[in-house]
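Chemist: sequence and predicted structure, then a few things I'm wondering about:
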Amino acid sequence: MAGMSPESTATPVLTVGFDLDMTLIDSRPGIKAAFQALSAETGTFIGADEAVTRLGPPLDVELAHWFPEAEIPAMADRYREIYPTYAIEPTPAMPGAREAIEAVQALGGRAIVVTAKHEPNARLHLEHLGIEPDAVIGWLWAEAKAGALREYGAQIYVGDHVGDVRGARAAGALAVTVPTGPCGEPELREAGADVVLADLTALPAWLAEYTRTQQV
């Protein structure tokens, strides 16, 4: 991850944004382990199996199911502290994730990750899996992702959640989706997805055709 700034290249040939959880990585095993550890530490029941069916929104949204509102900030901080210990090692890449990033870069473009996840933990996942985007921007959910996408000039945003579709549309980017997270194809299309691929293994071929027809 080069950590390049938006200004470091002028008018990139192609910029594609990617969501992280359930788009590039199957974060369910790691998040489940982190929630179980937080539950054991605090003595508060957390339905970890249930929690991992709702991945996408910010952490505070999930914690609200299990903790009083006043405790959520402290619990979120503690979760993020213990997360690297429990969540990085068991989390695999989604099929085609590395190849999808590399497909963008092979076309002379840049691939950026825009995620709601705590940015340092997002970077740990990508480094552990050997996935090397050109930039990583964290702490952004749904429409809030649009700012980063516009800043980097992303023409495409790839995600698995209706929140990702909303972020892409708010940025004026093409909303490309994969039904590998909690939202199925009908829900993604209803939310306004421009493209629904079976999974990321289909992205390189789609991207090659897109760049050919768009003459990007």
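Modeler: That came in fine, so what should we check first? As the structure is a computational prediction, the values presented were derived from the model and not from experiment.
Chemist: quick one, what contacts the nearest residue to Ser27 once chain neighbours are set aside?
Modeler: Distances taken as CB to CB, 6 or more residues apart in numbering put Asp21 closest to Ser27, at 4.4 Å, once the chain neighbours are dropped. The way it works is simple: take the backbone N, C-alpha and C, and place the C-beta from them, glycine included. By CB atoms under 8 Å, 6 or more residues apart in numbering, the residues touching Asp21 are 27, 31, 55-56, 115-117, 160, 181.
Chemist: what sits against the nearest residue to Lys32 once chain neighbours are set aside?
Modeler: Spatially, and ignoring its direct neighbours in sequence, Lys32 is nearest to Ala48 (4.4 Å; CB to CB, 6+ apart). Ala48 is in contact with 31-33, 35-36, 39, counting by CB under 8 Å, 6+ apart.
Chemist: again, only this time at 6 Å
Modeler: Residues near Ala48 by CB atoms under 6 Å, 6 or more residues apart in numbering: 32, 35-36.
Chemist: counting neighbours, which of those residues comes out on top?
Modeler: Using other CB atoms under 10 Å as the neighbour criterion, Phe35 leads the contacts of Ala48 with 25 neighbours.
Chemist: thinking again about what came up before, any chance of CSV for the contacts of Asp21, columns distance to Leu174 and secondary structure?
Modeler: CSV is the format used below for the contacts of Asp21 (distance: CB to CB, whole Å; DSSP: H, G, I helix; E, B strand; the rest coil):
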residue, distance to Leu174, secondary structure
Ser27, 24, coil
Ile31, 28, helix
Leu55, 23, coil
Gly56, 19, coil
Thr115, 18, coil
Ala116, 20, coil
Lys117, 23, coil
Asp160, 15, coil
Gly181, 19, coil
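Chemist: could you give the mean pLDDT of the helix or strand containing Glu50?
Modeler: Assigned by DSSP states H and E, Glu50 belongs to helix 48-51. On average, the pLDDT along helix 48-51 is 98.
Chemist: list the buried residues for that helix?
Modeler: Neighbour counts using 16 or more other CB atoms under 10 Å place 48, 51 of helix 48-51 among the buried residues.
Chemist: distance from it to the middle of the chain?
Modeler: Here the centre of helix 48-51 is set off from its chain's centre by 19 Å, with CA atoms, centre = their mean, to the nearest Å.
Chemist: tell me which residues in stretch 193-208 are buried?
Modeler: 193-197, 199-200, 202-204, 206-207.
Chemist: in strands, which of those residues appear?
Modeler: Within the buried residues of stretch 193-208, residues falling in strands by DSSP state E are 195-196.
Chemist: what's the closest of the buried residues of stretch 193-208 to Val16?
Modeler: Taking CB to CB as the measure, Leu207 is the one of these closest to Val16, at 7.4 Å.
Chemist: residues contacting Cys183?
Modeler: Applying CB under 6 Å, 6+ apart, the residues near Cys183 are 161-162.
Chemist: phi and psi next, for it.
Modeler: As for Cys183, its main-chain torsions (degrees, to the nearest 10) stand at phi -110, psi 130.
Chemist: from Leu207, how far out is Thr91?
Modeler: 25 Å (CB to CB, to the nearest Å).
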